[in-house]
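Asker: any chance you could fold what I've pasted below:
(one chain, ligands or ions: 2)
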Amino acid sequence: MAEIEIKNLRKEFDEFVAVENSTFKVEDGEFFMLLGPSGCGKTTTLRMMAGLELPTSGQVLINGEDVSFKRARDRDIAFVFQMYALYPHLNVRQNLEYPLRSQGNPASLIHEKVAEVSKILKISHLLSSPVGRLSGGDRQRVALGRAIVRDPSAFFMDEPLGALDAEFREEMAEELRALHDRMGATTIYVTHDQLEAMQMGDKIVVMNHGVIEQFGAPQEIYDWPATKFVADFIGFPAMNFLPLGHHKVSVGNTFVAYKDYQIDVPACLEEFDGSLDVGVRPEHIRLSREPGGIPATVVASEYLGTTQIVSVEIDQAILKSRVSSTEEYSVGSSINLIFDYRSISLFDHSSGRALQSEGNREVLACG
Ligand SMILES: Nc1ncnc2c1ncn2[C@@H]1O[C@H](COP(=O)(O)OP(=O)(O)O)[C@@H](O)[C@H]1O
Ligand SMILES: [Mg+2]
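Answerer: Residues are numbered from 1 along each chain as shown. Ligands and ions are numbered 1, 2, ... in the order given. As a prediction, the model looks like this:
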């Protein structure tokens, strides 16, 4: 078992701060995602958690024990990298046996373990193949197998599916999640792909420029982003923002004004006086031909099978609405926008921070 916690973990490379003071806790058995754009500090965070990089300051605790200065090999964890680090001159069986041999296990146990793991990963028929001849997906399975045979208490994976093509990635993502559910070992997984994180993770940490923007379950983060960065990074199309300009909100307010119109929102829980943006997901904008709502003009529509993305213009802003494909919205036509008030976020335009409301109260409180 492994419960992993980091406290005020920080990494500087000379003057450059790669990871700001990061704090979060990974519960035992969780599938935990470190998500963010390239260069935001995911790998550096993971390497510090694993003991491959020394922190500038802060702590790493595994099961309550401070391991900040313990080396990786003394932490009972296994790595799976993007570049499957296999021994090219060995076959699949030898690659799988390698970590067990270096631990000095008896031959019978090695044989048993390799058989078990290759069955789980569906590579039993490949055991005598040279790894050089395997497809990308199979190579990645062998790399996983090499991590799994050791029975570590935690797995650390850095973009393990990044090198696979889309079709394999999807398949391996499902397999990885199923494997995790079966083994139950704590897994920390780095990705820049928000879909992968949403699909596989129990919890997600969203990072940007070395800073943790939000920490929570996928649905919490999707429904109630703590910042505009998260709102924009998660979900496709991203959350829409409608700038209101300078606006004053008081505790208990249940609507904001956009020109002569009123936009209902979940009750506000904080005072705010500044530049304000309304945030609404595409599926929470309804397009109505009845009177009422905010008038807009259809500027484009994109067919996606059962749904379509309809772009509408109000003043200078373009908003995207996800609606059923059964309706037709012709370009240039007038339409009224109705926002689902239960799902609306308000953001401080300058800092990007979400205002506390009845909607996001629990989510932002734990972040
Ligand atoms: N050894 C290093 N020396 C100097 N800068 C580094 C080093 N490792 C990473 N960085 C910088 O730290 C930042 C975060 O890197 P990294 O953790 O690899 O990001 P990510 O994995 O999110 O893409 C990047 O700007 C990167 O250039
Ligand atoms: Mg990286």
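Asker: quick one: strands adjacent to the helix or strand harbouring Met157?
Answerer: Using DSSP states H and E, Met157 sits in strand 154-158. According to DSSP bridges, strand 154-158 forms sheet pairs with strand 77-80 (parallel), strand 186-191 (parallel).
Asker: what does the stretch 1-150 of the chain have sitting close to ligand 1?
Answerer: Phe13, Phe16, Ala18, Gly36, Ser38, Gly39, Cys40, Gly41, Lys42, Thr43, Thr44 (C-beta under 6 Å from any ligand atom). Where you see a C-beta, it was placed from the backbone N, CA and C, and this is true even at glycine.
Asker: list phi and psi for the first one.
Answerer: This points to Phe13. phi -110, psi 100 (degrees, to the nearest 10).
Asker: tell me the pLDDT at Phe233?
Answerer: We have a pLDDT of 97 for Phe233.
Asker: how many neighbours does it have?
Answerer: Counted with other C-beta atoms under 10 Å, residues neighbouring Phe233 total 25.
Asker: quick revisit: relative to Val142, which of the strands paired with strand 154-158 is closest?
Answerer: Nearest to Val142 among the strands paired with strand 154-158 is strand 77-80 (10.6 Å), distances taken as C-beta to C-beta.
Asker: chain center to the closest one, what's the gap?
Answerer: Centroid separation for strand 77-80 versus its chain: 20 Å, with C-alpha atoms, centre = their mean, to the nearest Å.
Asker: what mean pLDDT does that strand have?
Answerer: 79.
Asker: and what of stretch 36-55?
Answerer: Rounded mean pLDDT across stretch 36-55 is 95.
Asker: A helix includes Ala147, no?
Answerer: Yes - assessed with DSSP: H, G, I helix; E, B strand; the rest coil, Ala147 lies in a helix.
Asker: was I right to think it contacts Phe79?
Answerer: Yes - counting by C-beta atoms under 8 Å, Ala147 does reach Phe79; the two are 6.6 Å apart.
Asker: so what's in contact with those two at the same time?
Answerer: With contacts taken as C-beta atoms under 8 Å, 6 or more residues apart in numbering, Ala147 and Phe79 have Phe155 as neighbours in common.
Asker: what bits of the stretch 251-367 of the chain have low per-residue confidence?
Answerer: Applying pLDDT under 70 to the stretch 251-367 of the chain flags residues 366-367.
Asker: swap the cut-off to 90 and go again
Answerer: Applying pLDDT under 90 to the stretch 251-367 of the chain flags the ranges 315-316, 364-367.
Asker: break the chain down into its structural domains.
Answerer: 4-223, 228-366 (automatic domain parsing).
Asker: among the residues of the stretch 1-150 of the chain next to ligand 1, which are in strands?
Answerer: Judged by DSSP state E, strands contain the following of those: Phe13, Phe16, Ala18.
Asker: quick one, the longest helix along the chain and strand 186-191 angle?
Answerer: Longest helix in the chain, counting residues (DSSP state H): helix 166-183. Inter-element angle recorded for helix 166-183 and strand 186-191: 160 degrees (by axes from the mean of the first three to the mean of the last three C-alpha atoms, to 10 degrees).
Asker: just the closest residue of the stretch 51-200 of the chain to ligand 1, please.
Answerer: Residue nearest to ligand 1 within the stretch 51-200 of the chain: Val190 (6.4 Å; C-beta to the nearest ligand atom).
Asker: so Arg141 sits in a strand?
Answerer: No - under three-state DSSP, Arg141 sits outside any strand and is assigned helix.
Asker: Leu244 and ligand 1: what is the separation?
Answerer: 33 Å (C-beta to the nearest ligand atom, to the nearest Å).
Asker: part of a helix, is that residue?
Answerer: No - Leu244 sits outside any helix when classified using three-state DSSP, being strand.
Asker: in this structure it contacts Val278, no?
Answerer: Yes - under the criterion of C-beta under 8 Å, Leu244 makes contact with Val278 at 6.2 Å.
Asker: what is in contact with the two at once?
Answerer: Shared contacts of Leu244 and Val278 (C-beta under 8 Å, 6+ apart): Val256, Tyr258.
Asker: that's all I had, so thanks and see you.
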